[in-house]
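Peer 1: Quick one: sequence and predicted model below, then my questions.
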Amino acid sequence: MTTKRSRATALIGAVLSAGLLLAGCGGGSGSGGTNDSGRIKITYASFAGVTGMPAKFGQEKGFFEAEGLDVTFVTAEDPVAIVSSGDAEIADCDTTSALIAAGKGAPIKIVSSMYRHKGPFYLISRPDIDRVEDLKGKTVGIARKGAGLEAYVRVILKKHGLTEKDVTLVPNGTHQEAYASLTNGQVDATIIHEPFVSLAEAEGTGKLLARGWDYLPTFHTGVEIASERFIKENPEALKKFLTAYFKAASYAKAHPEEYLDFVEKQSDVDREVLKAALEREEPIWENDPRVDLDDLRDTQQIQKDLGFQDTVYDPEDLVDTSQIPSPQEISAKADAR
């Protein structure tokens, strides 16, 4: 018999794994050419799951079309690879992967922050565990070995007096995989994204112990990357894309009920769970495209201190924010929709 929890988890998993492809799902590059209507074609690798939802919402609302763009959304397991190969011009990317790849010579640049870039990650536990300190002797999920999510786990444990010798750290995947590992008892606690924190609270399967951004406030977690060729040959198209992207995120934040209608239709997750997840992350939904170079240095130093990165690269060589729209421009245009 299918339980409510397993159904909800499966539905969220379908959304988070497959993503939502509103405007096609094939490969191939837009290359900055134009379609029959004269709109500039761009292929964009968007994050799956709730992180990628505002841009897809913006696609449905017509923000990209209004900027004269014909954007094809695709999903990619390796955003750096798809942009480097030319199969996509722009991609969502975790900041550490972008920094390391660009530092090693990949033909990409960081062109803006994502609409939120402070770690939207959470340490949750079984309901009978009340404090981080109570994890001593327990098994904790770290998502993937050596990734930024593991950095959050290690820092949270350290600030509560625990080391890796006090716990058993295990890779347990992300999103629905991580949630399943908690509910089936494989782990006693795990680092995880929303909406699984709110789902665990609603279903009584887990308890929130720590929010990531409280522990690593300068650790940068999400950027937009573009190929160096696209930046050089199509700077105006890049500016239009970033303007539409941030307009969409601004509009979604300013119209939460309409945005929830959209997300609910795509996921079939309980609206109250989605609403709780959205409200929890409101403080870090900043809609600020600027990239703080000091934050990028801090992020790399944390990575290096944990042994996840050998070299701290100079971010000035890896970032090109010449085409980001101003906050005032984003706000004014979003309100005008």
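Peer 2: Looks like it came in fine. Everything numeric in this text was worked out from a predicted model, so none of it was measured. Numbers count the residues shown, from 1 in each chain.

Peer 1: which residues touch residue 97?
Peer 2: By C-beta atoms under 8 Å, 6 or more residues apart in numbering, residue 97 lies in contact with 79-80. In short, each C-beta sits where N, CA and C put it, glycine included.

Peer 1: An error on my part: the question was meant for residue 166.
Peer 2: So residue 166 contacts 135-137, 157 (C-beta under 8 Å, 6+ apart).

Peer 1: at 6 Å instead, please
Peer 2: With contact taken as C-beta atoms under 6 Å, 6 or more residues apart in numbering, residue 166 is in contact with residue 136.

Peer 1: how near is it to residue 157?
Peer 2: Per C-beta to C-beta, to the nearest Å, residue 166 is found 7 Å from residue 157.

Peer 1: Strands along the stretch 201-337 of the chain, start to end?
Peer 2: 207-211, 223-227 (DSSP state E, counting those that start in this stretch).

Peer 1: I'd like those laid out as CSV, including distance to residue 292, mean neighbour count and mean pLDDT.
Peer 2: CSV is the format used below for those (distance: least, C-beta to C-beta, whole Å; neighbours: other C-beta atoms under 10 Å; pLDDT from 0 to 100):
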stretch, distance to residue 292, mean neighbour count, mean pLDDT
strand 207-211, 20, 19, 98
strand 223-227, 11, 28, 98
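
Peer 1: The ones you listed: which one's closest to residue 257?
Peer 2: strand 207-211 (24.6 Å; C-beta to C-beta).

Peer 1: Parallel or antiparallel, list what pairs with the closest one.
Peer 2: The strands that strand 207-211 pairs with in its sheet are strand 122-125 (antiparallel) (by DSSP bridges).

Peer 1: Following the chain onward from the strand it pairs with, which element is next?
Peer 2: Sequence-wise, the next helix or strand downstream of strand 122-125 (DSSP states H and E) is strand 139-141.

Peer 1: Could you spell out the sheet neighbours of that following strand, each with its direction?
Peer 2: Applying DSSP bridges, strand 139-141 is found paired with strand 168-170 (parallel), strand 189-192 (parallel).

Peer 1: CA atoms only for the longest one, dumped as PDB, please.
Peer 2: It stands for strand 189-192. In PDB, the C-alpha atoms belonging to strand 189-192 read as follows (Å, rounded to 0.1, in the frame of the first residue of the first chain):
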ATOM      1  CA  ALA A 189      20.800  12.900  10.800                       C
ATOM      2  CA  THR A 190      21.500  14.400   7.500                       C
ATOM      3  CA  ILE A 191      22.300  17.600   5.600                       C
ATOM      4  CA  ILE A 192      19.400  18.300   3.300                       C
END
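
Peer 1: Renumber starting at 218 from here on
Peer 2: Sure, I'll start numbering at 218, so the last one becomes strand 406-409.

Peer 1: any idea which residue sits dead centre in the protein?
Peer 2: The chain has residue 268 as the residue nearest its centroid, 4.5 Å off, counting by C-alpha atoms, centre = their mean.

Peer 1: pretty sure residue 315 is touching residue 327, no?
Peer 2: Yes - the criterion here is C-beta atoms under 6 Å, and residue 315 meets it with residue 327 at 5.4 Å.

Peer 1: tally of neighbours for the residue nearest to residue 320 when sequence neighbours are not counted?
Peer 2: What sits nearest to residue 320 in space, not counting adjacent residues and going by C-beta to C-beta, 6 or more residues apart in numbering, is residue 530, at 3.4 Å. Residue 530 has 16 neighbours, counted by other C-beta atoms under 10 Å.

Peer 1: And residue 380, by the same measure?
Peer 2: 10.

Peer 1: I'd like to know how far residue 277 sits from residue 331.
Peer 2: Distance check for residue 277 against residue 331: by C-beta to C-beta, it reads 19 Å.

Peer 1: Among the two, which residue is more densely surrounded?
Peer 2: Neighbour count, other C-beta under 10 Å: between residue 277 and residue 331, residue 331 has more, with 26 against 15.

Peer 1: so that one touches residue 439, yeah?
Peer 2: Yes - here residue 331 reaches residue 439: they are 3.6 Å apart, a contact under C-beta under 6 Å.

Peer 1: Please name every helix or strand in contact with the lengthiest helix in the chain.
Peer 2: The residue-count maximum for a helix in the chain (DSSP state H) belongs to helix 452-471. If you count contacts as 3 or more C-beta pairs under 6 Å, 6 or more residues apart in numbering; DSSP states H and E, helix 452-471 packs onto helix 270-278, helix 280-283, helix 544-552.

Peer 1: Now it: buried residues?
Peer 2: 454-470 (16 or more other C-beta atoms under 10 Å).

Peer 1: same thing with stretch 499-509?
Peer 2: Of the residues in stretch 499-509, 501-506, 508 count as buried by neighbour count, 16+ other C-beta under 10 Å.
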